[in-house]
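Enquirer: heads up, no residue letters with this:
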C-alpha cells in the first residue's frame, strides 16, 4: 500500500510538471494604421536679423561716444564724435610729403637726363625711379586718409536697433581692432536650424514654424522659413534653414535658447503599445512577437515617435497584425502559444 501511494504521488507530480511545461500563455492586441503627424523639433539660438559694427576707417581718437549698451538707436542717428585734430595732423603730413615729392621729382628728372647722356648707370636710374614711386604712393595714401578722416568725424547708425556692445571710452584711440559699438536690429530676429536631408524636398520658404523659448516657458511664437540653404553638409547630412521671427515688442533677444518645431504633414503609420516591445540584450534594437496560426514570430521593428503609451512603427509590422502585449518572458521565435483574454 505504501508503494502504491508513492506511485500515485509520483504520477501526480509528473502530471503537474507536464501541465506546468505546457504552451506559454500570452495576451494579444490587433494593431491598426492611423494618420501620424510628422513634426520635428530643432534647437537653435536666437540671432539678430542685422548686425553692424561701428568703426572709423582709420586709427583716430574718439572724442565722445553718445550712446551706451542697451540704448535704442534710429537709422542715421549720430553715435560717435571723433577728434577732428587728427585731420590737422594728416594735413601737415600730406603737405610735407608733397614737398618731398616735388624734390624727388626734380631729382629724378636730373637723373633721367644723366642716364640718357650716359652719365650714370642703369641701376642708379632705376633706384631714383623707385624712390619717386614710393613717394608718390605715400602722398596718395595720405590723401586717402585725409579724405576718410574728414568724412568720419561723426559715426552714424546705418540701422534702427539696440546697442549690444561698447568697446571704448571717451578719449580712447581707436586702433583698427574691436569696433567702437555694435548695433543689432531686433525686429525681426532669426534662428538657424539644421534639418535632416530627408526633409530637403519638403521645406519651402514661407513654411510656418512654432517656436518656444526657455525664457517664456510653453508660450508659442510664430515664425516662418525665410531662407532654405541650397547645399547639404556631407559630414552631418543636414542643411541650414533660416527662420524669421517677428519681434515688434522686442521680447525676444539675441542669445536666447529656442526650440523650433516644423510640421511636415502626416503619413499613415501602424501604432503599437509600448508594452509590446522587447529589447534585444546587448543592442539597441527593438522587437515584437507577431502571432499567427498558433505560433509567434520574433520580428524586428523600426520605431518612430513615442506618443503617450504608443509607438509609431516605420517598418516591421503590417496593419491588422496580432502582436503579444503580455507573456513575452517565456517566448522564443517560433514558439507555440496559448492565447488568453
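Expert: The structure has been received and is ready for your questions. For clarity, every value in this text was computed on a predicted model and none was experimentally measured.

Enquirer: and the next helix or strand past the helix or strand bottoming out on mean pLDDT in the chain?
Expert: Across the helices and strands of the chain, mean pLDDT, DSSP states H and E gives its lowest value to helix 2-20, namely a mean of 48. Next along the chain after helix 2-20, taking DSSP states H and E as the criterion, comes strand 25-30.

Enquirer: which parts of the stretch 1-150 of the chain are helices?
Expert: Secondary structure of the stretch 1-150 of the chain by DSSP state H, counting those that start in this stretch: the helices cover 2-20, 85-116, 122-151.

Enquirer: mean pLDDT lowest for which of those helices?
Expert: Lowest mean pLDDT within the helices of the stretch 1-150 of the chain: helix 2-20, at a mean of 48.

Enquirer: tell me the contacts of residue 22?
Expert: Shown in contact with residue 22 (Cβ atoms under 8 Å, 6 or more residues apart in numbering): residue 338. Backbone N, C-alpha and C define where each C-beta goes, glycine included.

Enquirer: ugh, wrong one, I meant residue 48
Expert: Going by Cβ under 8 Å, 6+ apart, the list of residues near residue 48 reads 161, 164, 184-186, 189-190, 254.

Enquirer: again, 7 Å this time
Expert: Shown in contact with residue 48 (Cβ atoms under 7 Å, 6 or more residues apart in numbering): 184-186, 189, 254.

Enquirer: got it, and residue 211?
Expert: With Cβ under 7 Å, 6+ apart, residue 211 has these contacts: 221, 223, 245, 258, 260.

Enquirer: how near is it to residue 133?
Expert: 60 Å (Cβ to Cβ, to the nearest Å).

Enquirer: same deal with residue 116?
Expert: For residue 116, the distance to residue 133 (Cβ to Cβ) stands at 19 Å.

Enquirer: if we can go back for a sec, top of the contacts of residue 48 by neighbour count?
Expert: residue 189 (26 neighbours; other Cβ atoms under 10 Å).

Enquirer: how far away is that one from residue 251?
Expert: 10 Å.

Enquirer: and what of residue 138?
Expert: Taking Cβ to Cβ, one finds residue 138 at 54 Å from residue 251.

Enquirer: more neighbours, the two?
Expert: More crowded of residue 138 and residue 251, by other Cβ under 10 Å: residue 138, with 18 against 13.

Enquirer: skipping adjacent residues, who's closest to that one in space?
Expert: Leaving aside its sequence neighbours, residue 138 sits nearest to residue 97 (Cβ to Cβ, 6 or more residues apart in numbering; 5.2 Å).

Enquirer: ok, now how distant is the one you found from residue 32?
Expert: On the measure of Cβ to Cβ, residue 97 and residue 32 end up 88 Å apart.

Enquirer: those two - which one has more neighbours?
Expert: residue 97 (19 against 11).

Enquirer: so the more buried one makes contact with residue 141?
Expert: No - if you go by Cβ atoms under 7 Å, residue 97 and residue 141 don't touch, sitting 8.8 Å apart.

Enquirer: sorry, back to before: what's the closest of the contacts of residue 48 to residue 37?
Expert: Nearest to residue 37 out of those is residue 189 (Cβ to Cβ; 26.8 Å).

Enquirer: what strands line up against the host helix or strand of the closest one, and which way round?
Expert: Assessed by DSSP H and E, residue 189 sits inside strand 181-196. Here strand 181-196 has these sheet partners by DSSP bridges: strand 47-54 (antiparallel), strand 161-166 (antiparallel), strand 238-245 (antiparallel).

Enquirer: take these and lay them out in CSV including mean pLDDT and distance to residue 179.
Expert: Converted to CSV, the strands paired with strand 181-196 look like this (pLDDT from 0 to 100; distance: least, Cβ to Cβ, whole Å):
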stretch, mean pLDDT, distance to residue 179
strand 47-54, 92, 4
strand 161-166, 92, 7
strand 238-245, 96, 24
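
Enquirer: wait, is residue 275 part of a strand?
Expert: No - judged by DSSP: H, G, I helix; E, B strand; the rest coil, residue 275 forms no part of a strand; its state is helix.

Enquirer: in contact with it, which residues?
Expert: Residue 275 touches residue 325, counting by Cβ under 7 Å, 6+ apart.

Enquirer: which pLDDT value belongs to it?
Expert: Taking residue 275 on its own, its pLDDT is 92.

Enquirer: quick one on the thing from earlier: buried ones only from the contacts of residue 211, please, as a ChimeraX command.
Expert: Command for ChimeraX that selects the buried part of the contacts of residue 211, burial taken from 16 or more other Cβ atoms under 10 Å:
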select :221,223,245,258,260
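
Enquirer: name the residues of stretch 111-118 that come out as buried.
Expert: Result for stretch 111-118 [16+ other Cβ under 10 Å]: buried residues 111, 115.
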